[in-house]
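Student: Mind folding the following:
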Amino acid sequence: MPDKLTDLIEELALANRILAHEGVLDAFGHVSLRHPADPGRYLLSRSRSPLLIEPDDILEYTLDSEPVRPPKVQLYAERVIHGCIYRARPDVMAVCHHHAPAVMPFAIAGKPIVPVFHLGAAGGANMPFWDQYAEFGDTNLLVVKPEEGRSLARALGQHPAILMNRHGATVVGGGLRELVSRSIFMCQNADYQLRALTLGTPEPLHAGEVKLASTLNALPNVVNRTWEYWSMRLEAAGAMPPRKSSAKAARRPVPKPSRVTPRERRKGRRR
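Tutor: This next block holds a predicted model:
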């Protein structure tokens, strides 16, 4: 399990950077992963911009969104989003909260994102909205209280994503790679939908098409192909995270060369 956990932590750091590089996350937003050995815990970075996250930034949390070990670093204020969703949805293995420019017009206008191309069906047919003000009145719009997180999780229900009025979106997945593809395709769909509005009324996918296409992003060949593609784009940009093992090796002190005395040097010449 330690090896598997190390691999997943490295993959979580990579997922943060991919989503930042692909325009879903910016300086804000966060991605988490349910602990592979303990469903009552999840993995989430310390408070840091996603494009900079490294494996050593990843911490363990309980479903109450409390760190398992006393932290020495700043934590994300909105981590209750993750803990409350994991508690409400045993099927969810990964969560992303973001404020992507592609979805913000819909979150601000209160207009639904509807699937307009096949991979866009990954976001679901009837994406719900959650209005924090309707239940909690004036706030700074950050989801920081457990009751706010629970309210968001209830509104999400069994949907794969939810729009948060005047705030952003939260997306869930049955695995980390599925989550990444859903988050990216949802943003692409929102962009295409908004562009199509300039030409007229967009024609969304039919209900049967949504049902059949909604699982495309989770197919193994699609997941592996897209993950490889986005990883190569990130690598070409020189933004890949360090591996946890190599990071430790890099910190290991380099042994100083031993000093050779003149007498030892003369012996070496005679050999």
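Student: thinking residue 99 is in contact with residue 27, fair?
Tutor: No. Applying CB atoms under 8 Å as the test, residue 99 and residue 27 come out as separate, 9.9 Å apart. Placement of C-beta: from N, CA and C, glycine included.
Student: So those two - more neighbours on which side?
Tutor: With neighbours defined as other CB atoms under 10 Å, residue 99 and residue 27 compare such that residue 99 has more, 17 against 11.
Student: what pLDDT does that one get?
Tutor: As summarised for this prediction, residue 99 has a pLDDT of 98.
Student: Output the contacting helices and strands for the helix ranked longest in the chain.
Tutor: As far as residue count goes, and with DSSP state H defining each element, the longest helix of the chain is helix 176-197. With contacts defined as 3 or more CB pairs under 8 Å, 6 or more residues apart in numbering; DSSP states H and E, the packing partners of helix 176-197 are helix 2-21, strand 30-34, strand 94-98, helix 104-109, strand 168-173, helix 220-236.
Student: Please save the CA atoms from that helix in CSV.
Tutor: Coordinates of the C-alpha atoms in helix 176-197 are reproduced here as CSV (Å, rounded to 0.1, in the frame of the first residue of the first chain):
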residue,chain,number,x,y,z
LEU,A,176,-8.9,11.0,-10.3
ARG,A,177,-8.4,10.7,-14.1
GLU,A,178,-12.2,10.5,-14.7
LEU,A,179,-12.5,13.7,-12.6
VAL,A,180,-9.8,15.5,-14.6
SER,A,181,-11.4,14.6,-18.0
ARG,A,182,-14.9,15.5,-16.8
SER,A,183,-13.7,18.9,-15.5
ILE,A,184,-11.9,19.8,-18.7
PHE,A,185,-14.7,18.6,-21.0
MET,A,186,-17.3,20.4,-18.9
CYS,A,187,-15.4,23.7,-19.5
GLN,A,188,-15.0,22.9,-23.2
ASN,A,189,-18.7,22.3,-23.4
ALA,A,190,-19.5,25.6,-21.7
ASP,A,191,-17.2,27.4,-24.1
TYR,A,192,-18.8,25.8,-27.2
GLN,A,193,-22.3,26.5,-25.8
LEU,A,194,-21.5,30.2,-25.3
ARG,A,195,-19.9,30.5,-28.7
ALA,A,196,-22.9,28.8,-30.4
LEU,A,197,-25.2,31.4,-28.8
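Student: buried sites along the helix or strand that comes right after that helix?
Tutor: Reading on from helix 176-197 to the C-terminus, the next helix or strand found by DSSP states H and E is helix 207-213. By neighbour count, with 16 or more other CB atoms under 10 Å as the criterion, the buried positions of helix 207-213 are 210, 213.
Student: now the longest helix of the chain and strand 168-173, what's the angle there?
Tutor: Taking axes from the mean of the first three to the mean of the last three CA atoms, to 10 degrees, one finds helix 176-197 and strand 168-173 inclined to each other by 140 degrees.
Student: pLDDT weak spots in the chain?
Tutor: Regions of the chain meeting the criterion pLDDT under 70 cover residues 1-2, 245-271.
Student: give me that answer again for 90
Tutor: The model of the chain has pLDDT under 90 over residues 1-3, 243-271.
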